[in-house]
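In: Next one to model:
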Amino acid sequence: MYDTIIIGAGMSGLSAGCRLAHYDKKVCILEKHSFIGGLNSFYKQHGREHDVGLHAVTNYAGKGEKRGPLNRLLRQLRLTWEELALVPQLGSKIVFPDCTLGFTNDFKFFEEQVSKNFPKEVDGLRKLVSMLVDYNQMGECQTDVSAREVVCSCIKNPQLVEMLFCPLMYYGSARQQDMDFNQFSIMFRSIFLEGFARPWEGVRVLLRTLLERFRKSGGELRLKTGVKRLLMDSAKNVCGVVLDDDTEIEAKAVLSSAGQRETLRLCQESLGDKSVMDACKPGELGFVETISVLDRQPKTFGHGDTIVFFNDSENFDYKKPQDYCDLRSGVICSPNNFAYSEPLKEGVIRITTLANYDLWSALRKEEYNAQKKEWYVKITEAVSRFIPDFRPYVIDSDMFTPKTVYRFTGHENGAIYGAPNKNYSGTMPFKNLFVCGTDQGMVGIVGAIISGITIVNKYLLANSN
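Out: Next up, the predicted model:
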């Protein structure tokens, strides 16, 4: 019997496994795919390795800094700052009609940008920052408070409000047009107060580091091992899992990083009250992402920004589009434009836009491939309004859609950020069952890792000694 079975070998599952294994717990991570990483993984195509999910690691803290989630992560997992090999961004932008706000990992620079473009709103911005919920209070404060209501009580200029929401929503909101203020606080801190970084080798460095630490501590990982349902004892307490091949594995507790609704499906027969599942609404927001490999570094044709969040209209519509994709807004990321000591071997431009899962998932294979090619052209053409045109330098490309996300994660509607209502406590309707990861409320690389650590500390280690 295991002390804990963890479902899913993404960032939150791996970090939870590391934390448990450090305390000599018998822990096994089950992953249905043949590779680790979940939403943040990598794959090979035409001899090149491409990151999936990772644009940048948020919550950056430099070596020696004592505060923030990144340093908590290092302490809890007993990692050194050097092992993550993080390199800070060069500088990013939020681009709206007639206004651009630059930001770096120094919040004072962003304050100066707001002061220059919205001089009457600086005090309001500072007031907003003073109201942000601290990471350590997540799950202990009031939920379902509209972030728009809070922000608009501090900042009166509608365009600045939209410009603040654009990057935060694209990098972490499962809710259409608004955010819970808890979630807004997480994202504002992680992007504006702490900032972006990235390892030179991309996400594989982080995954390799976590996996090595997990295995060295005695943890067990089983790949190609899907879970069919959860085992229940006579009192309807979770006591293990049933695998896809009907093998039963017993455990004192189960921690799922598969998503709250997806986890409820594994114990649906034992729920009794079906309203529990009905109350856990699936997310509606899907994305496409194009990856363009270039024959030169982006700086050589005038593109030096790390990440550009763009919106081409006065209002920012963060909602499920009616068409396959919404070209009005999106994110342009260049992994080349971090402060590396040596450049990446090839130039890369990654573009993310909102997408409609229903339309993509309804296509037959031939139609699907044709639509991908068509929308790749449309998306790369659309972003030439916001960065120098890179299309003449493209030597390879790829694209994923919400259908891809569903296939590899099981998230309904291909919703990368999961359910719109987060489960900050991490508890479930059954004893000995917990969730971590996106649906627990912490998003991004660092957020997912902190989620795994937090749930383990609170429930699985609290009474162990």
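
In: Check the chain for its longest helix and report it.
Out: As assigned by DSSP state H, the longest helix anywhere in the chain is helix 365-382.

In: Output the contacting helices and strands for that one.
Out: On a contact count with 3 or more C-beta pairs under 8 Å, 6 or more residues apart in numbering; DSSP states H and E, helix 365-382 meets strand 286-294, strand 347-355, strand 394-400. C-betas here are computed from N, CA, C, even on glycine.

In: looking at those strands, which is closest to residue 203?
Out: Between residue 203 and these, the shortest gap by C-beta to C-beta is with strand 347-355, which sits at 12.5 Å.

In: tell me the angle the closest one makes with strand 286-294.
Out: 160 degrees (axes from the mean of the first three to the mean of the last three C-alpha atoms, to 10 degrees).

In: and strand 347-355 with strand 394-400, angle?
Out: Using the same axes, to 10 degrees: strand 347-355 against strand 394-400 is 30 degrees.

In: now the following helix or strand past strand 347-355, how far from the chain's geometric center?
Out: Toward the C-terminus, strand 347-355 is succeeded by helix 357-361 as the next helix or strand (DSSP states H and E). Put simply, helix 357-361 sits 21 Å off its chain's centre (C-alpha atoms, centre = their mean, to the nearest Å).

In: tell me which residues in the longest helix of the chain are buried?
Out: For helix 365-382, burial by neighbour count (16 or more other C-beta atoms under 10 Å) applies to 371-372, 375-376, 379-380, 382.

In: State the mean pLDDT of it.
Out: Helix 365-382 shows a mean pLDDT of 97.

In: now swap in stretch 71-87 and tell me
Out: 92.

In: Dump the helices and strands packed on helix 365-382 into CSV; add mean neighbour count, mean pLDDT and distance to residue 418 as well.
Out: Formatted as CSV, those follow (neighbours: other C-beta atoms under 10 Å; pLDDT from 0 to 100; distance: least, C-beta to C-beta, whole Å):
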stretch, mean neighbour count, mean pLDDT, distance to residue 418
strand 286-294, 24, 97, 12
strand 347-355, 23, 97, 16
strand 394-400, 17, 96, 17
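
In: Show me how this structure divides into domains.
Out: As assigned by automatic domain parsing, the chain contains the domains 2-84+200-281+420-460, 107-190, 284-416.

In: Please tabulate those domains in TSV and include distance to residue 91 as additional columns.
Out: Listed next are the domains of the chain as TSV, based on distance: least, C-beta to C-beta, whole Å:
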stretch	distance to residue 91
domain 2-84+200-281+420-460	12
domain 107-190	8
domain 284-416	6
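
In: Out of the ones you listed, which gets nearest to residue 99?
Out: So among the domains of the chain, domain 107-190 is nearest, using C-beta to C-beta, at 5.7 Å.

In: Need the winner for burial among the domains of the chain.
Out: domain 2-84+200-281+420-460 (a mean of 20; mean count of other C-beta atoms under 10 Å).

In: show me where pLDDT drops low in the stretch 1-150 of the chain?
Out: 135-143 (pLDDT under 70).

In: and residue 175, what element?
Out: Here residue 175 is assigned to no helix or strand, by DSSP H and E.

In: For it, which non-adjacent residue is spatially closest?
Out: Nearest non-adjacent residue to residue 175, counting by C-beta to C-beta, 6 or more residues apart in numbering: residue 420, 4.2 Å away.

In: What does the pLDDT read for that neighbour?
Out: Reported pLDDT for residue 420: 91.

In: Can you name the residues that contact it?
Out: 174-176, 281, 283-284 (C-beta atoms under 8 Å, 6 or more residues apart in numbering).

In: and residue 352, what is it in contact with?
Out: 55, 170, 287-289, 330-331, 333.

In: Relative to residue 238, how far out is residue 255?
Out: For residue 255, the distance to residue 238 (C-beta to C-beta, to the nearest Å) stands at 10 Å.

In: for residue 354, that is, sorry about that
Out: Distance from residue 354 to residue 238, counting by C-beta to C-beta: 36 Å.

In: Next: residue 167.
Out: In this view, residue 167 and residue 238 are 38 Å apart by C-beta to C-beta.

In: And for residue 252?
Out: On the measure of C-beta to C-beta, residue 252 and residue 238 end up 9 Å apart.

In: Between those two, which contacts overlap?
Out: The contact sets of residue 252 and residue 238 overlap at residue 432 (C-beta under 8 Å, 6+ apart).

In: and the helix or strand where residue 17 lies, what other elements does it pack with?
Out: Residue 17 is located in helix 11-22, with elements delineated by DSSP H and E. With contacts defined as 3+ C-beta pairs under 8 Å, 6+ apart, helix 11-22 has these neighbours: strand 2-7, strand 27-30, helix 69-77, helix 203-216, helix 444-455.

In: got the contact list for the last one?
Out: When you say that, I think you mean helix 444-455. 10-17, 19, 40, 54, 57-59, 69-70, 72-73, 76-77, 135, 171-172, 186, 190, 203, 206, 210, 255, 257, 426, 434-438, 440-442.

In: Could you rerun that using 6 Å?
Out: 11-12, 15-16, 19, 57-59, 69-70, 73, 76, 426, 434, 436-437, 440, 442 (C-beta atoms under 6 Å, 6 or more residues apart in numbering).
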